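K.L.:
Provided below are the primary sequence and the corresponding predicted coordinates.
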There are 2 protein chains.
Amino acid sequence: MIPSQDTLLRALLVALDGRNAFQTAKLRQAGLRGGACDRAAFLDRFPFTTKAELLADQAANPPYGSNLTFPIDRYVRLSQTSGSSGTPLRWLDTAESWAWMLDIWDRIFAEIGVGPGDRVFVAFSFGPFLGFWTAFEAAARRGCLVIPGGGQSTRGRIEAMRDNRATVLLCTPTYAVRLGEDAAADGHAITGLRRIVVAGEPGGSIPAIRSRLEALWPGAVVIDHHGMTEIGPVTWQPADLPGVLRIDETAYLAEILNPVTLEPVSPGATGELVLTNLGRLGMPLLRYRTGDLVRQRTDLPGLALDGGIIGRRDDLVIVRGVNVHPSAVEAVVRRFAEIAEYQVEQSNDRGMIELALTIELQPGATGKTEIADRLAEALRAALTLRIPVRVAASGALPRFEMKAKRWVKV
Amino acid sequence: MIPSQDTLLRALLVALDGRNAFQTAKLRQAGLRGGACDRAAFLDRFPFTTKAELLADQAANPPYGSNLTFPIDRYVRLSQTSGSSGTPLRWLDTAESWAWMLDIWDRIFAEIGVGPGDRVFVAFSFGPFLGFWTAFEAAARRGCLVIPGGGQSTRGRIEAMRDNRATVLLCTPTYAVRLGEDAAADGHAITGLRRIVVAGEPGGSIPAIRSRLEALWPGAVVIDHHGMTEIGPVTWQPADLPGVLRIDETAYLAEILNPVTLEPVSPGATGELVLTNLGRLGMPLLRYRTGDLVRQRTDLPGLALDGGIIGRRDDLVIVRGVNVHPSAVEAVVRRFAEIAEYQVEQSNDRGMIELALTIELQPGATGKTEIADRLAEALRAALTLRIPVRVAASGALPRFEMKAKRWVKV
């Protein structure tokens, strides 16, 4: 029998109170005691945790801050965030906390039908951020044959996938497109891939990107996933429900809150995902403001997100009164198979924000002006905004292996 | 009680006979049966295994060859050799075989005094070759805090080591020098490092490289190690016995043979190391010709190698009748702290082999001609050969993160 969220939350709070300095201070600040704090009191009074607060705590108590439940020599794994928005956060796990994350991946693999007999290629740098480390180890523990793709060129990875007859690929959606295109250009399409698990960017829930991936990798089902170094692996997409991300509620207590008022949004409305991990005891996060914007599917049981991660709280750009999420622009661009890469230039003239797109076409694509015009028209239809589009020379735009950075401020 | 090598060998042969097609054929070829083959008969009659034979088997039975003891879905890890001498070999491990290698590292860490409380930084690409994968996982399993250094710049790695107060570093000797030099150039020397475990190149047993590393990393003891993707982790250097590599005889049956006659060499003479792994059951190697040249220390109990790995059978170059191993040239060059990098050009004029050295000095070093003259003189004294030395511009020679390739044929 799976313990209820209430039981798990109570056990967590009791374990932290008096032992984890950071969380004990937050309990006291709210007038709470771990042993006498139920879910209602917790949700009502426990203060939110923000990334800025964690960074300040690590700066004040270097190198790992005070959010530690055990003596330092109990920790076995260090990870850190990619630091794309500044200083990276360092994150420690005990053997138990690490195993808790592997258990989540084990459930995900069971749900999406990955197990012994599968050959899992992980196109990941195996560096300091958590990324696919836990998926990789969980797949091996589950009995899959795992193939590490660190420190290799794209060509080396394609050869490894082909030679070893990979059946599952784990990487970012951008890189899955790149691998598929390069393999096809090689004249050596890779067959036999059953699943492509993508994370790190919202692409796995964007229909145009899914279609592109499924065209490049015939027979493979695209599975979206999202997680964070400081939280762990959070969601997965059921194989038969594209565009939906399920939250593992045996592992996370989730709230969807208005990012300004911090009150729960009405069912189906967009809000910020706030997470409490119920079993990562070594360095836990309670009511953590993830910054991810999501909306709940009200027609499905459990907690399912509609359209995946819609955007980031701080990615939202308001152009002439229109809310623009980078994922919305991505969704339009990716409908055009002729477009190999793109970049969005965001300018700010005394508070007036404007966008402009540069696109790069696939090798051999013709009709530059016509494609740019069609894209501009599609953007206008989707966003009710006129956004100029220009075509750059082949190879002029940067390519990405990990999280892509396509928005630049000018 | 540790089972004897005889017991382990008997159990291995019984397990393989009739189950592993490759090894069963070799047993039959020698007129042996697993159940009725003792150590003496094995050493007398079991045919050697060569890399060429394994490559041919994998080409004939793609992708993994016929050296498989279990059905394919029992295997969980794929590795491959670096392929520096051609096509890479693919190597599979079951969960048990993988754990057998982690156990070897566990014993090594116990011997060299690495355990809970240590912070182990692994400067490794986490790609397809086995390298430090097993050391990394064994250190975490042992309770060390492990810090993965894949996909990072040298500067990023230095910062990670400093910020996390690393106490143990695992990498190639070349890269340990590079990290130490760059950290010093930064004006931010890293203190607190206790152990540097080096592998992949013979440097850890070369006195000049050890001295250089110990000067760059005050307080750190250099520990040499060697292993191979297709064999596993084989040796370690006792902390108080620099220049000596011990073979883990609970894991390997080792022979030192004349590479031409394939008879055992006399005690203390140089020969080729031939290994049988006694517990990597999933894809074992029996009497494998490693190509590594070694000599036994006859004054120490157990099997200890004098001077580490002296060279490779196929690296030996005969110049005007003098046997030159690349490690001998390395040992001389590394006595010069002023030399940042070097390259050896090997020319072959109708069978007459000649060598020439190009060196690159440390930034700010003066006295080019004088250093080149001193090096030429030191090479003449050590090798009884005149080898011309020229000085290249700063930054002209390639740098290496993994196994260095400093010998080029012209």
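P.N.:
Done, it's in.
K.L.:
Now do the same contact list for A:Ala21.
P.N.:
Contact analysis of A:Ala21 by Cβ atoms under 8 Å, 6 or more residues apart in numbering or on different chains lists A:66-68. Bear in mind the C-beta positions are built from the backbone N, C-alpha and C, glycine included.
K.L.:
Mind checking which of the residues you listed are buried?
P.N.:
For those, a burial check counting by 16 or more other Cβ atoms under 10 Å in any protein chain shown picks out A:67-68.
K.L.:
Nearest to A:Gly200 among the contacts of A:Ala21?
P.N.:
Sorting the contacts of A:Ala21 by distance to A:Gly200 puts A:Asn67 at the head of the list, at 24.3 Å, by Cβ to Cβ.
K.L.:
Give the closest residue to A:Leu278 in space, chain neighbours not counted.
P.N.:
Taking Cβ to Cβ, 6 or more residues apart in numbering or on different chains, and ignoring the residues beside it in sequence, A:Leu278 has A:Leu8 as its nearest neighbour in space, at 4.2 Å.
K.L.:
related to what we said a few turns ago, narrow the contacts of A:Ala21 to those in helices?
P.N.:
Judged by DSSP state H, the subset of these located in helices is empty.
K.L.:
and A:Tyr256, how many neighbours does it have?
P.N.:
In this structure residue A:256 is Ile, not Tyr. The tally of other residues near A:Ile256 (other Cβ atoms under 10 Å in any protein chain shown) stands at 22.
K.L.:
And A:Ala392, by the same measure?
P.N.:
The number of residues near A:Ala392, taken as other Cβ under 10 Å, comes to 14.
K.L.:
now swap in A:Thr87 and tell me
P.N.:
A:Thr87 is surrounded by 12 other residues when neighbours are defined as other Cβ under 10 Å.
K.L.:
My guess is it contacts A:Leu55. True?
P.N.:
Yes. Under the criterion of Cβ atoms under 8 Å, A:Thr87 lies in contact with A:Leu55, with a separation of 5.7 Å.
K.L.:
Identify, from the contacts of A:Ala21, the entry nearest to chain B.
P.N.:
For chain B, the nearest member of these is A:Leu68. The distance, counting by Cβ to the nearest Cβ, is 11.9 Å.
K.L.:
interface residues of chain A facing chain B?
P.N.:
Taking Cβ under 8 Å from any Cβ of the partner chain as the criterion, the neighbours of chain B within chain A are A:62-63, A:72-78, A:80, A:90, A:92, A:95, A:98, A:116-117, A:119, A:125-128, A:133, A:140-141, A:143-152, A:160, A:163-165.
K.L.:
What subset of those is buried?
P.N.:
Applying a neighbour-count criterion of 16+ other Cβ under 10 Å, the buried members of the residues of chain A next to chain B are A:74-78, A:80, A:90, A:92, A:98, A:119, A:125-128, A:133, A:140-141, A:143-152, A:160, A:163-164.
K.L.:
Show me what the lengthiest helix in chain A is packed up against.
P.N.:
With DSSP H applied, the helix covering the greatest number of residues in chain A is identified as helix A:95-112. Taking 3 or more Cβ pairs under 8 Å, 6 or more residues apart in numbering or on different chains; DSSP states H and E as the contact definition, the neighbouring helices and strands of helix A:95-112 are strand A:75-80, helix A:133-142, strand A:221-228, strand A:232-236, helix B:133-142.
K.L.:
Just want the angle from that helix to strand A:75-80.
P.N.:
Using axes from the mean of the first three to the mean of the last three Cα atoms, to 10 degrees, the direction of helix A:95-112 lies 70 degrees away from that of strand A:75-80.
K.L.:
Alpha carbons of helix A:95-112, in CSV - could you do that?
P.N.:
Extracted as CSV, the C-alpha positions of helix A:95-112 are listed here (Å, rounded to 0.1, in the frame of the first residue of the first chain):
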residue,chain,number,x,y,z
ALA,A,95,22.3,7.5,-0.8
GLU,A,96,18.6,7.3,0.3
SER,A,97,17.6,10.6,-1.4
TRP,A,98,19.4,9.5,-4.5
ALA,A,99,17.6,6.1,-4.4
TRP,A,100,14.3,8.0,-3.9
MET,A,101,14.9,9.7,-7.3
LEU,A,102,15.8,6.5,-9.0
ASP,A,103,12.5,5.0,-7.7
ILE,A,104,10.7,7.9,-9.4
TRP,A,105,12.4,7.0,-12.7
ASP,A,106,11.6,3.4,-12.1
ARG,A,107,7.9,4.2,-12.0
ILE,A,108,8.2,6.4,-15.1
PHE,A,109,9.9,3.7,-17.0
ALA,A,110,7.2,1.2,-15.9
GLU,A,111,4.5,3.6,-17.1
ILE,A,112,6.0,4.3,-20.5
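K.L.:
quick one: buried residues of that helix?
P.N.:
By neighbour count with 16+ other Cβ under 10 Å, helix A:95-112 contains the buried residues A:97-106, A:108-109, A:112.
K.L.:
quick one: contacts of that helix?
P.N.:
By Cβ under 8 Å, 6+ apart, the list of residues contacting helix A:95-112 reads A:76-77, A:93, A:115, A:134-135, A:137-139, A:141-142, A:144, A:195, A:197, A:221, A:223, A:225, A:232-233, A:236-239, A:246, A:248, A:250-251, A:279-283, B:140-141, B:143.
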